[in-house]
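> What follows is a predicted structure for the sequence shown.
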Amino acid sequence: MAKFWLEGEQLKSDEDLGKFNAFQKNKIIEGLQKGLDVSAYAQSNFSYEQMEVIMQGLEEGIDVSVYANPAIGAQRMSIVRKGLAEGLDASKYANPEFDMYQMLTLYKGLSNNLDITACLNPALSIGQMSAILKGVEKGLDASKFSDPALSQKEIESIISSLAPADNSSDTPKPMSV
């Protein structure tokens, strides 16, 4: 693992600094100035935006190893960092195969204390994931409608057939006398 340090305002390393661009070097310097262990993000295959999100996590005391993956873009890293900061098991959706919208859907599911297990398939669209989570929210067995081969409308139809009817709005209200 490479070592980085500052000599005055100059960044020094036992690694070739030429592979880092100026923005990346500035993020490494900023982290060193803040007393952070920059080894978590001082890699040339991270963009400076990714470095920023990892640095934020380090400042918050978050286990950044969950999302410090060059294959996870900075916006998606932010969603994982937010979940971790809220005490959620964001490792469930810190999969580079999920796009940003899938990650947001899974984050929202966890935020609402839902079991997102049935949605942990990158082949599912966000519409399918949202429909599955609605079924989970109703207490239904998601294994009956979490097949990626089913369309969102098919999932919704299955959920409607499995969910007890909510007739509360159809029930006449007693009249006041």
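Yep, it's here.
> so where do the strands sit in this protein?
4-7, 10-13 (DSSP state E).
> residue nearest the centroid of the chain?
residue 80 (3.3 Å; CA atoms, centre = their mean).
> Once you drop chain neighbours, what's closest to that residue?
residue 67 (4.0 Å; CB to CB, 6 or more residues apart in numbering). Every residue, glycine included, has its C-beta placed from N, CA and C.
> isn't the one you found right up against residue 83?
No: in terms of CB atoms under 8 Å, residue 67 does not count as a neighbour of residue 83; the distance is 9.3 Å.
> Common neighbours of those two, please.
Counting by CB atoms under 8 Å, 6 or more residues apart in numbering, the shared contacts of residue 67 and residue 83 are residue 90.
> Of the strands of the chain, which is nearest residue 129?
With distances scored as CB to CB, the stretch of those nearest to residue 129 is strand 4-7 (40.0 Å).
> could you give me the average pLDDT of that closest one?
For strand 4-7, mean pLDDT is 85.
> That one packs against which elements?
Contacts defined by 3 or more CB pairs under 8 Å, 6 or more residues apart in numbering; DSSP states H and E place strand 4-7 against strand 10-13, helix 22-33.
> chain center to that strand: distance?
Relative to its chain's centre, strand 4-7 lies at 32 Å (CA atoms, centre = their mean, to the nearest Å).
> Partner strands of that strand and their direction?
Sheet pairing of strand 4-7 (DSSP bridges) gives strand 10-13 (antiparallel).
> coming back round to it: out of the strands of the chain, which is closest to residue 107?
Proximity to residue 107 (CB to CB) singles out strand 4-7 among the strands of the chain, at 32.1 Å.
> list the buried ones in that closest one?
Within strand 4-7, the residues scored as buried using 16 or more other CB atoms under 10 Å are residue 4.
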